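**Q** Make a model of this:
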Amino acid sequence: MKSIVEVEDNELIEAFRAGNTRAFETLLNRYKDRLFSYVCSLTKDKHIAEDIFQDACIRIIDSLRAGRYKENGKFLAWAIFISRNLYMDHLRKSKRKPTIVTHEGKEVFEWLASSDMRADDMMIRDENTEEVQNLINSLSPEQREVVVLKHYGELTFREIAELTKCSINTALGRMHYSLTNMRKKCLS
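**A** From the prediction side, this is the model:
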């Protein structure tokens, strides 16, 4: 018998629908860091990100219970889609434009930090991360969104195309142009 941690996403979803709340906890624990990092990269504000993340969890639970999730092996992409929609709702309410910032004024890759890293190595890493973050922030909103979804959300270009309602070629083109723009700015 498999441990609940080894169970596939769709099996956890079915167990949750059958009343096993621990199954949802396991599912959420698999993806919460990536999902929260994605939301933080959109909001520039940890408190807003926490609110959107909590709303997304509630929406996910309600949708799972109502049977609105179609098991196609793309739970994370679906959860990101819900989070993105909630963020867009937030933008419409607050009339702000989407931007990318670091989590609590720190770099989004903070989870990569190792406790045994030397202080000078951490400073170099932080400086490099800040440079990359500035380059990402300098992109157009469409290009920035593709970069964030690909690198922070770890989505495929097909998933990005579905999420942003554009063709795969458009998503690929946006990534290509964003990388080209970032390289040009590095060389200038």
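**Q** contacts, neighbours, all on C-alpha from now
**A** OK.
**Q** Where does the prediction get shaky in this structure?
**A** The model of the chain has pLDDT under 70 over residues 1-5, 94-129.
**Q** Nearest the geometric middle of it, what residue?
**A** By CA atoms, centre = their mean, the chain has its centre lying nearest to Tyr38, at 2.5 Å.
**Q** Is it correct that that residue is in contact with Lys150?
**A** No: using CA atoms under 8 Å as the test, Tyr38 is too far from Lys150 to be in contact (10.2 Å).
**Q** which stretches of this protein form helices?
**A** 9-17, 21-43, 46-66, 75-94, 119-137, 141-147, 157-164, 168-187 (DSSP state H).
**Q** by contact count, what packs against the third one?
**A** The helices and strands touching helix 46-66, judged by 3 or more CA pairs under 8 Å, 6 or more residues apart in numbering; DSSP states H and E, are helix 9-17, helix 21-43, helix 75-94.
**Q** go on, the second one?
**A** Judged by 3+ CA pairs under 8 Å, 6+ apart, helix 21-43 is in contact with helix 9-17, helix 46-66, helix 75-94.
**Q** Check the last one too.
**A** Counting contacts by 3+ CA pairs under 8 Å, 6+ apart, helix 168-187 packs against helix 119-137, helix 141-147, helix 157-164.
**Q** Okay, buried residues for the shortest one please.
**A** It refers to helix 141-147. Buried residues in helix 141-147, counting neighbours by 16 or more other CA atoms under 10 Å, are found at Gln143, Arg144, Glu145, Val146, Val147.
**Q** Which residues are in contact with the first one?
**A** Right, Gln143. By CA atoms under 8 Å, 6 or more residues apart in numbering, Gln143 lies in contact with Arg174, Met175, Tyr177, Ser178.
**Q** Next one: the third one from Arg144, what distance?
**A** Using CA to CA, to the nearest Å, we find Tyr177 at a distance of 10 Å from Arg144.
**Q** Kindly report the same for the last one.
**A** Relative to Arg144, Ser178 is positioned 7 Å away (criterion: CA to CA).
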